[in-house]
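J.: Build me a model:
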Amino acid sequence: MRGRGWLLGGVVLVLAGLGLAAWRGKWPAVGPVPPAQAAASAVPTLEFSPHEVVQPTLTRLARRVAFSGPLVAPDTAVVRAKAAGVLQELSFQEGSAVRAGQVLARVDPAELSSRVAEREAALAAARAAQAQAEKTQASNERLASQGFISPVALDNGRAALDSARAQTDQARAALQTARVGLRETSVLAPIAGVVAKRHVLPGEKVAAEQPVATLVNLARLELQGSVGTHEVAALAPGQPVQVQVEGVDKPLAGTLARIAPAAEAGTRSIGVVVALANPGLTLRAGQYALARVDLADDTPRLTLPLAALAGATGPAGDPQVWVLAGGQLARRAVSVGRRDESAGRVEVLSGVGAADQVLAARFENLREGAKAVLLATPQATASASAPALR
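T.: Numbering: from 1, shown residues only. Reported below is the predicted structural model:
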């Protein structure tokens, strides 16, 4: 009986051991987790909404040639006194608007009036002498026909008449010159415009050709700038130009008027001139302006948003973008071409293709190889996975 009891006890112990072994096989023992495995399981997957990820698209990018310079008034005139004398009157101030032909100043005409009177008297004397010479010559011709005077005396009479006629013509020309000088005591505006500068004051004695005033016609202005020799081939007179003048909110429309035939000495730039209408006379000569010529692009180009390049640069300073590939983030170095700042896009020459998924904006704290997915639809609430930090 005792031996049989020991036998039954051994069987029970064996069965208990087999059950414990089976239980351990179904539920593995909990032990320490390796650090790398724990770190990997702690990093959340970054989720990006559809508007945060773009694919390169074919776009036409307008090429722009930009330059700058001051506004100048091509219709500018320096008004000068034609007659010398004392300045009696000035009928303008700086900034005054004047008409073409308007009297701006008057020089004292007393001296020139006396000169006109003198020339008139000289002309009258010359005419009287001519009349006497004509009578003498007529008498000589009658006497010569009767044989009372010699041919030599007749020829001398003709010479005296010719001299009297020449003196009359000379006196007439001198009188005309004096009258012109008298008229020129009135200084007239040669063009319509605005008085930019006054050079004299009333009471001053002015000389002939001395500047009196500078007039500027503001109805038509020009922007004078320069472009590089590598850009001038794309320009032609008549092209429309957008001009942004300092102090003016909206850009103005101009026309490329002229292109210099040669580069400026010592530079690799060529002068260009833009004609700009100024009907309201709101612009002023001397204001600084920026000009832009938009050139059409006939070639579709693979482009990305400019924001996709922000903040990502390689060791050599070359631009890089972030790409979603195989459920992970990856950096891609890209080479870029033409830019369109107004459209916010840049041409991508290499580095990404049309099928690549590129982050469309700048994100902070991104890591190479981080897990990332593109959500099917934007989520209004935060999920268990951590969102990318902007």
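J.: in the stretch 151-300 of the chain, which spans are helices?
T.: For the stretch 151-300 of the chain, helices defined by DSSP state H, counting those that start in this stretch occupy the ranges 151-183.
J.: just the strands in it please.
T.: 186-188, 193-198, 205-206, 211-216, 220-228, 240-245, 252-259, 269-277, 288-295 (DSSP state E, counting those that start in this stretch).
J.: Including mean neighbour count, distance to residue 136 and mean pLDDT, could those go into CSV?
T.: The way it works is simple: take the backbone N, C-alpha and C, and place the C-beta from them, glycine included. Shown next, in CSV, are the strands of the stretch 151-300 of the chain (neighbours: other Cβ atoms under 10 Å; distance: least, Cβ to Cβ, whole Å; pLDDT from 0 to 100):
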stretch, mean neighbour count, distance to residue 136, mean pLDDT
strand 186-188, 19, 44, 93
strand 193-198, 18, 59, 94
strand 205-206, 16, 48, 93
strand 211-216, 20, 51, 96
strand 220-228, 20, 65, 95
strand 240-245, 18, 77, 96
strand 252-259, 16, 67, 96
strand 269-277, 20, 69, 95
strand 288-295, 18, 77, 94
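J.: Dump those into CSV; add distance to residue 94 as well.
T.: Compiled in CSV, those are given as follows (distance: least, Cβ to Cβ, whole Å):
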stretch, distance to residue 94
strand 186-188, 16
strand 193-198, 5
strand 205-206, 18
strand 211-216, 9
strand 220-228, 19
strand 240-245, 23
strand 252-259, 26
strand 269-277, 24
strand 288-295, 22
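J.: For residue 361, which of those strands is the nearest?
T.: strand 288-295 (26.7 Å; Cβ to Cβ).
J.: So for the helix or strand just after the closest one, mean pLDDT?
T.: Note on strand 288-295: by DSSP states H and E, the next helix or strand toward the C-terminus is strand 301-305. For strand 301-305, mean pLDDT is 92.
J.: and strand 301-305, how far out from the chain's middle?
T.: Centre-to-centre, strand 301-305 and its host chain are 27 Å apart (Cα atoms, centre = their mean, to the nearest Å).
J.: Going by contacts, tell me the helices and strands next to whatever helix or strand comes next after it.
T.: Counting by DSSP H and E, the next helix or strand C-terminal to strand 301-305 is strand 320-325. Where contact means 3 or more Cβ pairs under 8 Å, 6 or more residues apart in numbering; DSSP states H and E, strand 320-325 is packed against strand 328-333, strand 357-359, strand 372-374.
J.: hmm, try it at 10 Å
T.: For strand 320-325, the packing partners by 3 or more Cβ pairs under 10 Å, 6 or more residues apart in numbering; DSSP states H and E come out as strand 46-48, strand 53-54, strand 328-333, strand 357-359, strand 372-374.
J.: thinking in terms of the whole chain, how far from its middle is the fourth one?
T.: Looking back up the chat, that one is strand 357-359. That offset, for strand 357-359, works out to 36 Å (Cα atoms, centre = their mean).
J.: Apart from its neighbours in sequence, what residue is nearest residue 65?
T.: residue 293 (4.5 Å; Cβ to Cβ, 6 or more residues apart in numbering).
J.: For the helix or strand encompassing residue 136, buried residues please.
T.: Here residue 136, judged by DSSP H and E, is contained in helix 110-146. Going by neighbour count (16 or more other Cβ atoms under 10 Å), the buried part of helix 110-146 is 111-112, 115-116, 119, 122-123, 126-127, 129-130, 133, 137, 140, 144.
J.: My read is that residue 66 contacts residue 225, right?
T.: Yes. Checked against Cβ atoms under 10 Å, the pair residue 66 and residue 225 is within contact range at 9.1 Å.
J.: shared neighbours, those two?
T.: Residues touching both residue 66 and residue 225 (Cβ atoms under 10 Å, 6 or more residues apart in numbering): 290-291.
J.: got a pLDDT number for the nearest residue to residue 125 once chain neighbours are set aside?
T.: Excluding the flanking residues, the one nearest residue 125 by Cβ to Cβ, 6+ apart is residue 171, at 7.4 Å. Residue 171 is assigned a pLDDT of 93 by the prediction.
J.: Run a quick neighbour tally on residue 171.
T.: Per other Cβ atoms under 10 Å, the neighbour tally for residue 171 reads 21.
J.: From residue 114, how far off is it?
T.: Separation of residue 171 from residue 114 (Cβ to Cβ, to the nearest Å): 16 Å.
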